[in-house]
Structures are given as structure tokens and as C-alpha cells.
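Asks: When you get a sec, could you give me coordinates for this:
(3 chains)
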Amino acid sequence: MQPTLFPLQNTGSDEPQKNIIGEGSLNPAQLEAVTTVDGPVLVIAGAGSGKTRTLVYRLAHLVEQGISPENILLLTFTRKASQEMVSRASMLMDDNCRKVMGGTFHSIANLLLRRYGHHVGFAPNFTILDRSDSEGIVNLIKSSLEIGSGESKRFPSKRIILNILSGAVNKSRQLDDLVYNHYSHLVEFLDDISRIQKHYSQFKKDHGLMDYDDLLVYFRDVLANVPEVRAEVSNRFQYVMVDEYQDTNRIQAEIVRHIGGGHNNVMAVGDDSQSIYSFRGADFRNIMDFPKLFPDTKMIRLEENYRSTQSILETTNAIISRAQERYTKTLFSSIEGGGRPVLYGAKDESDQARFVAKKIASLHNQGRPLKDMAVLFRSGFHSYKLELELTNRHIRFEKRGGLKLTETAHIKDVLSFFRIICNEQDYLSWNRILLQLPKVGPKTVQKILETVKMVDDPVSVLKTFQAGKTWKQPFVEMLEMMTDLLQMQSPVSQFDRILEYYQPLFERLYADDFPRRQKELDHLKNIIGEYDSLQSFLDDTALDPPETGFEAPELEDDALILSTIHSAKGLEWDTVFVIHLADGKFPSSHSAADPEQYEEERRLLYVAATRAKSELFLSYPRESVAPDRSRQYCSLTPFLAELPSGLVVSRKPGMFQSSGGENFEAARYIPRKKTSHNSSPAGKTEGQSFHEGVAVRHGFFGEGRITHMKDSRTAEVYFPRHGLKILRLDYAKLELVNS
DNA sequence: AGCCCGTCGGTTTTT
DNA sequence: CCGACGGGCT
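Replies: This next block holds a predicted model:
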């Protein structure tokens, strides 16, 4: 949410406006993007240029134009983003907007493949695999093909193998081509990798499993090869909007082309300077190819930044201006004030952590809420030291982009039972739960599963299996439980039945810290209780997994945000710290060799720095401890070292204690204009003056008059150009008009 | 001999 | 928290 957007240039114009959006809410370029309803549109939106706002307003506009929300498709990068946009549009317009179909490419593909998947050989109860599931299958195949065991040379790990397989899919390249060009050191293993690829793909088909890539690929295939489905889907989604288009890959672009092909009402929004997902096959040049997919595309550029101060923008502009290739122009801002970004060369990692924690504590004492500050970093583990420091100082924080709850072993255990209930062919899950039996290892599991190969009802067939003496008892108990589960209806009672069996195993398996894990199991039960379908619960565990390390619900939810830069995409904070900006860590030494990856790291830093509204702190440790405990000197990341002097204020250890009234300490907290969200309820502060008869202004509907207060927080407002609306003052951004 | 299970070092980024 | 490794069980 942004501070004041400058008013429309044409206010007071005498031509009567159709499609009126409330004045003062959108600039001309945004307005054009919002009101262009038909035909293809490409919006190149710089960081902080009101991209989300534009999408939200357009959503509301479409619905107000009488387009049925069911006919609108909003494709976003995370599910959170789409929920947020839909709910903001609902506040702007009305609850009708909630019927808009919104989600990630993967979640939409999932929904439609449940219905149309039979065209590509999948039953509707297929299971979605997350990353570690996929790696598990690669491992199973590796050992069953006896690859990489006895050889003298090191065969690549399952992680690398999967990177290669997935890379080939997402970059739409042949396996050998990819290996020769990007994994040349692994060319000697190409034959084995290729064998794994074939078996991996067959295994998934045989057992009703789809990984993330399959969701996209099969969805694309159905659309491409089955004209009736394509027509049905395209007809259903008459208006398509795609956010973060710079991070889509070719398969996703093809999906958009197929859905939008019938009517061409497609809007893509993105910024090539913020493309940071090439490892997933995204190519920032794709965004420039959009007009090729949709001829006669109208191009709109949003170049005014409403987020950051001009001095922060000068630095971020300088960072991105050194990019080798880009299309967007330099951003400008009219937000004055605030100091220059601060660059802190810390003595070492501990000093860096202390600096960040102290600074945050001091800003917090000056009145800045913790949730308006964030610390960003390249990799998840970069924040470990800081987490300790924050804990010591009792500063509450919330970590994003860390381990997911569903990636922890005990949760995966429980999920495996559920997955088998939905899809008895899921041998990956069978593998997992059979391994839990005492004295049963990989070899024994393979023998067991051989005997039920391809039968429709493994549970009943397994009952005839001759189990080994040592594990017969638990094996039989497990099968009894599975039989019970298959007859039960409510997921919560199924959960209880699973725990009846699993609890003793669980306590034995995780003897050291099972109380902590127990809480997570309880948490899982609560989550399951919120679903009415087991299938959709399981889908979400892969497509929208809850973060781990959840806390007991606390009343005050003010917490500092720690986040990987990737997970910070699209977000903003008043104060942003970016840490570990040392050469070798950022860019990571992994990327240094490849110019394309090196450039992506630069964009990553750009994304990080453009999250800041009023204060930006950049830091790096001058010294780090190498694996052999020797101390290593670190230099500043080249992305910052190459900047002209004067853009940032440099600080060294010790300097920030001897204040001396310098610029650094002068960076005071100036409260920004509050958004309606986190200000106290309107009924208390300004709300006193909302009453029947007063003139008000709404961001979308324009000026109107309150005709009736339904209660202290709900107003009925008549807008001349939009009619009577019921608005909740807690959410709707309503201003008084002095008349 | 085959297999299971405990211990010890390294870890991009995400749907 | 995964993979490699070696001890020890069947």
C-alpha cells in the first residue's frame, strides 16, 4: 500500500468521464492499465510503481463493468499474493470479487487436471509431489538401477540429478543439450542420468504422482492437444491477468497463450529488472516476447515509484544500471527526506548480527513497529547468527522462506498414511511407512512392493504377504490401520486412528525431541480440521505449505521479518537490512562463473534494496570463518563496490557508537502516512466524524455521501457514479471531504 | 553375506 | 537434516 498517489492530471476536465475511477487514486498510466478491458496488454511496472494496486483496481473495474467474476482468472506467483489481491478488490468493490479464480499456475493446473487429467493418462486422485518427494523417487530409482553405488567416480547427488531433470523441463531443453552446456563436468554420467529420467517419469505415471513440473507440462499438453478442453477453459476464463510475468517460463507462457487464445483478453504485468527465478526456467526476455504471443499488444509503462525515498532510489537505480541487458527505464520518486542508505562493513558475522539487532532495538524504541522492518539475505542459513542475537535480546521475529512444516520427517510420516488413503498406488508413501517397521530397510521394502506391483488394492493384497518373524506384528497392525482408514470418512478421525498406530513408533523414532514435534502434530490436526476434503488438504501441503516454527497464537503479532530475498518479492517495509553482502556469498561463488547467473544475482540485490521505503541498511562481514576454522578476509560485493561514491554512507565497527550527531544516527523515524489496515479502527479515530449526510471520498468509487450508518463501523454510501454501496470502515479507505 | 541402524560433516533460491 | 561410513545383528 502506498502513500498518496498524485492526483489525475485531468481533474476538472470538462469532458465527462466514463469508467470513472475515484480521482486521486491512480496516475494516468495506471488508469490506462485499469480501464483497458479488452485485448492484450503488457504492463512493464518498475519496483514500487503501484503494480499490485493497478491489478487490484483492474479486478474491481472488470467486475464493476458487469463481467462475471467467475470469468476472470488471476495468475500470481504465490497463493498469498492472489488472496491478498482478491480480498483488496473485494473491499474496494464488493464481495462478488471473491468469486474470481485466483492462484498460482500450479494451483490452477492442479484444479483443472483433476478434471481433465484423464486425457493425459492420470486418474483424478493423483498425488502432488514436493521437492523432497521427487528426490526420494530419484533415490529409489538410483538404487534399483544400481547406479552410482560401486563406481569410483562420484555420481551426482539426488539434488543435482533433480536439478538437471527439472531444468530440462522448465527450460524446454533436451537433457543432453542441458548437460553439455551447463553441467559439462557431468557429461560422463549422461547415460545414467538419462536412464533415471525415463524411469522417474514412468514411475510417476505408474503410481499416479505428479511433481511441480508435471502440473505445468500436463496442463499445457491437455490445452494444446485437446481442442474441446482448450475451448472450455478459454471460454470459462474470458479475462486473464498474469502477475510477475518476468518470472514465468516457456511452459507457463504457452499455458497463457492457450487460455487467452480464444479472446485475447490477457494482461501481463512484470518487470524484467526483477527476474530472479531463472533456476526455475524463467527468462526475463520472455516478457518482451509477450507481444509476439499476442499481436497488437498495448504496452504500458509504470515508472514513477511510490514506495521509496529518492535517495534510496538513486542507489537502487545505480545497482541496476550496471546490468548488462534490460528494458525498463530509470525510476523516479517524489518522496523527499530520509537519509542515504548506510553501508556497514562489520568486523565479522557476530558484529554484523549485533549491529542489526542493536539498530532494530533502537528504532523500535523510537516507536517503529517491528513488523515494519525486515532483514533480507541470500540463503536461508545466512540468518542463523542473527536469530541467536535477536533471541538473546528478546526481539520477536518471524522467519520466512525457511523450512516448511511439511518437510519435517514426522509430518511427512503422517502425511504418507493420508496419501495412501487417497491414492493406494502411491508407492513413495508406501516406501516411507514400510521403512518405519523395525528391521525393515530398503531391500525388504522393495521385496514387499514387488509382490503388489500394479494391483488395484495393495492393502488387501499385502495381507497375504509372508512377513518376516521379527516385524510381522507391527506389519499386521499397520495393515489393520490402513483397512480402518479406508472405511472412515472424517479426516480428523482418520488422524486419530493414524496416531493410535504411529504414536509409539514416533516416540521411538524421535526420542530426543519428540515433545516439540508432538506440538507440530497437534498443529497438523488443527489444520486438517479446516478442510472438508482430504484431497484438497494434501494438495495444499505441496502447493501452499505452512511455514515451520509456528508460534502459539499471540495477541500482539508485532514481529520483525527475516526473509530470503526470493520470499520477499513483492513486499515492502519502512526499514530494510540486507546482510551478507560479501563477494563469494553474494553473488554466491556458485554463480560467479556464469555471466547469466551473475547478472541474476545483481537483480536479486536490486529486488532486495527496492523493498525499502524510508531506510536501507546494507552490511557485510569483513572476515568470515572458513570450514577449517581459519579466518578469511571478505571483500564487499562487486555490485556495491562498483557504485560511484557518495550514494551511500559508509560505517565501520565502532563508528556507530560514537554518535557525533552524524547522518547515521540522524536517520530518524518519521511516521509515514498510515494505511487504513494498520491504523486503529476508523470508528475510534477519524470514525467519530463519519455519520449520516457527510461527504466522503473512496479510492475506487470517487466522491459520495453517507446515507445511513448501519452500525458504528458500517456505512451505506451513495456514489453518484456507482450507486449505493455498503462499506466496512475497518477496511474501506474512506476519507472525509471538506465541502 | 546381507542388511539395518547409529554417528558425523556440509547445506542457494521455490511452486 | 541428508549422505557416507562402519559396527553389529540375523
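
Asks: Write out the residues of chain A neighbouring DNA strand B.
Replies: A:77-79, A:104, A:106-107, A:130-131, A:159, A:163, A:212, A:279-280, A:378-381, A:401, A:438-445, A:543, A:545, A:564, A:566-567, A:588, A:590-591, A:597, A:627 (Cβ under 7 Å from any atom of the strand). (C-beta placed from N, C-alpha, C; glycine too.)

Asks: buried sites along the longest helix along chain A?
Replies: Secondary structure assigned by DSSP state H gives helix A:491-509 as the longest helix of chain A. Using 16 or more other Cβ atoms under 10 Å as the test for burial, helix A:491-509 gives A:491, A:494-495, A:497-499, A:501-502, A:505-506.

Asks: Which ones among the residues of chain A next to DNA strand B also lie next to DNA strand C?
Replies: Checking the residues of chain A next to DNA strand B against DNA strand C (Cβ under 7 Å from any atom of the strand), the matches are residue A:159.

Asks: Show the buried residues in the residues of chain A next to DNA strand B.
Replies: Here, 16+ other Cβ under 10 Å leaves A:77-79, A:104, A:106-107, A:130, A:163, A:212, A:280, A:378, A:380, A:401, A:440, A:444-445, A:543, A:564, A:566-567, A:591, A:597 buried among the residues of chain A next to DNA strand B.

Asks: So the residue in the stretch 451-600 of chain A that DNA strand C sits nearest to, which state does it fall into?
Replies: Here the residue of the stretch 451-600 of chain A nearest DNA strand C is residue A:470; by Cβ to the nearest atom of the strand that distance is 6.3 Å. Of the three states, residue A:470 takes helix according to DSSP: H, G, I helix; E, B strand; the rest coil.

Asks: Next, the nearest residue to it once chain neighbours are set aside: phi, psi?
Replies: Using Cβ to Cβ, 6 or more residues apart in numbering and skipping the chain neighbours, the partner closest in space to residue A:470 is residue A:439 (4.6 Å). Dihedral angles of residue A:439 (phi, psi; degrees, to the nearest 10) stand at phi 70, psi 10.

Asks: now the residue positioned nearest the centre of chain A: how far from residue A:484?
Replies: With distances taken as Cα atoms, centre = their mean, the residue of chain A nearest its centroid is residue A:78 (4.0 Å). Remark: distance between residue A:78 and residue A:484 (Cβ to Cβ, to the nearest Å) = 37 Å.

Asks: Repeat that for residue A:529.
Replies: Counting by Cβ to Cβ - residue A:529 and residue A:484 are separated by 19 Å.

Asks: How about residue A:270?
Replies: 50 Å.

Asks: quick one: which of those two has more around it?
Replies: Set side by side, residue A:270 and residue A:484 show more neighbours around residue A:270, with 25 against 15, by other Cβ atoms under 10 Å.

Asks: What residues are recorded as beta-bridge partners of the more buried one?
Replies: Counting by DSSP bridges, residue A:270 is bridged to residue A:44.

Asks: export the next helix-or-strand element following the longest helix of chain A as CSV, just CAs?
Replies: Using DSSP states H and E, the helix or strand that directly follows helix A:491-509 along the chain is helix A:514-529. Taking Å, rounded to 0.1, in the frame of the first residue of the first chain, the C-alpha atoms of helix A:514-529 are listed here in CSV:
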residue,chain,number,x,y,z
PHE,A,514,9.5,-35.7,20.4
PRO,A,515,7.7,-33.2,22.7
ARG,A,516,8.5,-30.4,20.2
ARG,A,517,7.4,-32.5,17.3
GLN,A,518,4.3,-33.5,19.2
LYS,A,519,3.1,-29.9,19.1
GLU,A,520,3.5,-29.8,15.4
LEU,A,521,1.4,-33.0,15.0
ASP,A,522,-1.3,-31.3,17.1
HIS,A,523,-1.0,-28.3,14.9
LEU,A,524,-1.4,-30.5,11.8
LYS,A,525,-4.6,-32.0,13.2
ASN,A,526,-6.0,-28.5,13.6
ILE,A,527,-5.1,-27.7,10.0
ILE,A,528,-6.7,-30.9,8.8
GLY,A,529,-9.9,-29.9,10.7
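
Asks: Give me the helices and strands touching whichever helix or strand comes after helix A:514-529, please.
Replies: Sequence order places helix A:534-543 as the next helix or strand after helix A:514-529, per DSSP H and E. Applying 3 or more Cβ pairs under 8 Å, 6 or more residues apart in numbering; DSSP states H and E, we find helix A:534-543 packed against helix A:105-116, strand A:127-128, helix A:409-422, helix A:491-509.

Asks: hmm, the last one in reach of DNA strand C?
Replies: In this case it means helix A:491-509. No - judged by Cβ under 7 Å from any atom of the strand, helix A:491-509 makes no contact with DNA strand C; its nearest approach is 10.3 Å.

Asks: now the angle from that helix to helix A:409-422?
Replies: Going by axes from the mean of the first three to the mean of the last three Cα atoms, to 10 degrees, helix A:491-509 is angled at 140 degrees with respect to helix A:409-422.

Asks: Show me how far helix A:491-509 is from its chain's centre.
Replies: 31 Å (Cα atoms, centre = their mean, to the nearest Å).

Asks: Next, the contact list for residue A:616, please.
Replies: A:312, A:315, A:341-342, A:575-576, A:578, A:609 (Cβ atoms under 8 Å, 6 or more residues apart in numbering).

Asks: now swap in residue A:138 and tell me
Replies: Counted by Cβ under 8 Å, 6+ apart, residue A:138 has contacts A:158, A:161-162, A:165, A:196, A:200.

Asks: Quick one: end-to-end distance for stretch A:464-475.
Replies: End-to-end distance for stretch A:464-475, by Cα to Cα, to the nearest Å: 11 Å.

Asks: Ok, stretch A:166-178 next?
Replies: End to end - Cα to Cα - stretch A:166-178 spans 11 Å.

Asks: in that stretch, what's buried?
Replies: For stretch A:166-178, by 16+ other Cβ under 10 Å, it's A:166-171, A:173, A:175, A:178.

Asks: related to what we said a few turns ago, of all the contacts of residue A:138, which comes closest to DNA strand C?
Replies: The closest of the contacts of residue A:138, once distances to DNA strand C are taken by Cβ to the nearest atom of the strand, is residue A:158, at 4.3 Å.

Asks: For residue A:719, list the residues it contacts.
Replies: By Cβ under 8 Å, 6+ apart, the contact set of residue A:719 is A:698, A:701-704, A:725.
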